[in-house]
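I'd like to go over a predicted model; first the sequence, then the structure.
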Amino acid sequence: MSSFDEIDLSHAGPPVPGRAHHAVRREALALLRLALPLAATQLAQMAILATDTLMLGRFSKDALAAAALGNTVFFFAWLLGCGPANAVAPAIAHVLGEDDKAAHEVQAVVRMGFWSAAIMTPPLLAVLLATRPILLALGQQPELAANAGLYMSLLCWGLPFAIIFQVLRSFTTTVDHPLAGLVVMVLAVLFNALGDYALIFGHFGLPRLGLAGAGIASASSNLFSAVSLLAVCFIMPSLRRLRIMEHLSRLHGPHLKELFRLGIPIGLTTLFEAMLFNAAALIMGLFGVASLAAHQIAITIPALTFMVPLGIGLAATVRVGLARGAGDGVAARRAGFVAIVIAALFMTLTSVLLLLFPETVARLWLPAEPPGSEVIALTVSFLHVAAAFQIADGLQVTASLALRGLKDARAPMWIAGGAYWLCGFPMCLALGFSFGLKGLGVWYGLAFGLFVAAAALLWRFNTLSRSQIGAAQIQQ
C-alpha cells in the first residue's frame, strides 16, 4: 500500500456515533464549526454583487439596469452549472464516512467535479452569449437588451471558473477546511471592488469602460477565486497530499454519473425557488414604482438572513453525509435535526427583530423619505410578512440540504417545483390581482410557498432518515 493510500482523513470531523454520550451537544458544536465559515462565505458572495450594484449605480442608471438584466440570466446559468459541483460535497462525505483513509476515492470525486464543469460549460456559454436575443424575445427594450448582451459577452467567460470554485469549495469544506473558501472569497470581494473601480471609471491609467469594465472585472474575480482556492489546495500540506490535479484525464464513470444524478436535481431545486422570487419582482413592477422599490428593499433583508441557515444547511450536508456513509442512520438523522433546530432558532430571532423594528430597518435604505410615505409603509408591511416566513425559510433550506446529505436530490426538486410553482406562484397571482391585495398579496403568496416547502421537506427528511435507520437495523 502506497503512502498516498495511507493518508488519514479522520480530521474531517467524523460523525458522532448514534448512541454516544452528550451526542446532541457534540453534534451541534461540530456543525457550527463548519456552518459559521460557510455562512460568512455566502455573505461575502453577496458583497460582490452589492459592490457591482454600487459602482454601476454611480456610473449610470442605464448601465445598472442592463447589468441587473444580464445578471439574472447569468444567475440561472450559474445555478444549473453548479448543480454537479454542489453534489461533490455529499459524494465525498459518503466516501469518508465509509473509509476516512479513502484518499483515492476523494481524488476521483474532485476530478469528476472538474469534468462536470467542463461538460456543463459549453451549453451554458451558448445560452449566455445569446442574452440579447433572449431578452428581446422576452419583450425587453432593444437598447437595454443590447447593453445587457454586451455585458454578458464579457462576464460569461467567468462562468467555468465560478463552477470550478464551487467544486473546490465543496472539496475543502468536506475535508474540514471551510475557512479556505471564506478567505479566498473575502480576497475576491476586494479584488472585484478594485477591478470595478479601475475598469468602470478608468482609474490607475486604465481605460474608462463602464458597463464592459464591470463585465471584465466580474469575470476576472471568478478566475481569481478559482485560481486562489486551487493554490490553497497546493499550499496546505493536508490538502496538497490529496493530489487532486493528478490523472485529470482519467474517467471515473460511477462518480461522474452520481454527480450528474444528484447535481441536475440540485440545480433545478435552487432554480425553482430563484425563479419564483424573480417572477415576484416582475409582478411588483405592474403595481407601480413604489411597490417595486419597497419590494427590492424588503427582499434584501430575508436574502441576508437566509445566508445563515444556508450555511447551516451546507454544513448539514457534510455531517449527515459522513454519518450516512458510515452506515450510522441514528447519527445521520440526529445531524439533520440538530441543523434544522439551530436554523429555526436563528430565524426566530430575526423574525422577532423584523416584527419589532420594521421601520428602523426600512429607513436604513430610505433615510430621506418623510414619515408615512408610501414606500416606507409598503416596506414595513412587506417586512411583517418576511418576519412571518423567516422560520419557514430556514427550515426548508436546512431540511433540503440535510436530504442532500442522504443523497436524496429528486424529492426536494419535486417538492420545490410543487411548493413554489403549483402553490406559491398561483397564490401570488390570486391574492395580488383577484383579491386586490397587490404587492402585499404577492408577499403572502411567497410566504405560502415557503411554508408548503418547509412542511413537505421536513416530512421527507423525517420519513427517509427514519426508514434508513430501520433498513440498517434489518441488515445488521
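Yes, it's here.

going by C-alpha atoms from here, please, whenever you check contacts or count neighbours.
Fine.

hey, where'd the helices end up in the stretch 151-300 of the chain?
159-174, 178-201, 211-235, 237-240, 253-285, 289-305 (DSSP state H, counting those that start in this stretch).

turn those into TSV, including mean pLDDT and mean neighbour count.
TSV is the format used below for those (pLDDT from 0 to 100; neighbours: other Cα atoms under 10 Å):
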stretch	mean pLDDT	mean neighbour count
helix 159-174	94	26
helix 178-201	92	22
helix 211-235	94	22
helix 237-240	88	14
helix 253-285	91	19
helix 289-305	83	18
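
for those helices, could you give me JSON lines that also reports distance to L354?
Below are the helices of the stretch 151-300 of the chain laid out as JSON lines (distance: least, Cα to Cα, whole Å):
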{"stretch": "helix 159-174", "distance to L354": "32"}
{"stretch": "helix 178-201", "distance to L354": "28"}
{"stretch": "helix 211-235", "distance to L354": "33"}
{"stretch": "helix 237-240", "distance to L354": "42"}
{"stretch": "helix 253-285", "distance to L354": "20"}
{"stretch": "helix 289-305", "distance to L354": "9"}
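
tell me the pLDDT of F435.
The model reports F435 with a pLDDT of 93.

tell me the phi and psi of it?
phi -90, psi 0 (degrees, to the nearest 10).

how many neighbours does it have?
10 (other Cα atoms under 10 Å).

so how far is A456 from it?
27 Å (Cα to Cα, to the nearest Å).

now Y151
For Y151 relative to A456 (Cα to Cα), the value is 40 Å.

tell me which of these two has more neighbours.
Y151 (27 against 21).

list the contacts for that one?
Contact partners of Y151, counting by Cα atoms under 8 Å, 6 or more residues apart in numbering, are 66-67, 70, 211-212, 214-215.

can you redo these as JSON lines with distance to R58?
Shown next, in JSON lines, are those (distance: Cα to Cα, whole Å):
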{"residue": "A66", "distance to R58": "14"}
{"residue": "A67", "distance to R58": "13"}
{"residue": "G70", "distance to R58": "18"}
{"residue": "L211", "distance to R58": "11"}
{"residue": "A212", "distance to R58": "15"}
{"residue": "A214", "distance to R58": "12"}
{"residue": "G215", "distance to R58": "16"}
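
of the residues you listed, closest to I164?
The closest of those to I164 turns out to be G215 (Cα to Cα; 18.8 Å).

contact partners for the residue lying closest to that closest one once chain neighbours are set aside?
In space, and not counting its chain neighbours, G215 is closest to L155: 4.5 Å by Cα to Cα, 6 or more residues apart in numbering. By Cα under 8 Å, 6+ apart, the contact list for L155 reads 215-216, 218-219.

against A447, how distant is L155?
Taking Cα to Cα, one finds L155 at 33 Å from A447.

same for the least confident helix or strand in the chain by mean pLDDT, what does it pack against?
Ranked by mean pLDDT, DSSP states H and E, the weakest helix or strand in the chain is helix 358-365, scoring a mean of 81. Secondary-structure packing of helix 358-365 (3 or more Cα pairs under 8 Å, 6 or more residues apart in numbering; DSSP states H and E): helix 289-305, helix 374-405.

would you turn these into TSV with distance to V320?
Output for those, formatted as TSV (distance: least, Cα to Cα, whole Å):
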stretch	distance to V320
helix 289-305	23
helix 374-405	5
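
show me the one of these that comes nearest T172.
Closest among these, using Cα to Cα: helix 374-405, at 16.1 Å.

and the next element down the chain from the closest one?
helix 410-417 (DSSP states H and E).

for that next one, buried residues please.
410-413, 415-417 (16 or more other Cα atoms under 10 Å).

and if you look at stretch 370-386?
Those would be 375-386, for stretch 370-386 by 16+ other Cα under 10 Å.

next: stretch 342-354.
342-348, 350-351, 354.

so which of the helices of the stretch 151-300 of the chain gets nearest A315?
helix 159-174 (8.3 Å).

just the angle between the closest one and helix 178-201, please?
Put simply, helix 159-174 runs at 160 degrees to helix 178-201, going by axes from the mean of the first three to the mean of the last three Cα atoms, to 10 degrees.

distance from helix 159-174 to the middle of the chain?
12 Å (Cα atoms, centre = their mean, to the nearest Å).

so which elements touch that helix?
Checking 3+ Cα pairs under 8 Å, 6+ apart, helix 159-174 ends up next to helix 61-86, helix 88-98, helix 103-129, helix 178-201, helix 211-235.

now those as TSV including distance to P370?
Below are the helices and strands packed on helix 159-174 laid out as TSV (distance: least, Cα to Cα, whole Å):
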stretch	distance to P370
helix 61-86	24
helix 88-98	49
helix 103-129	42
helix 178-201	33
helix 211-235	34
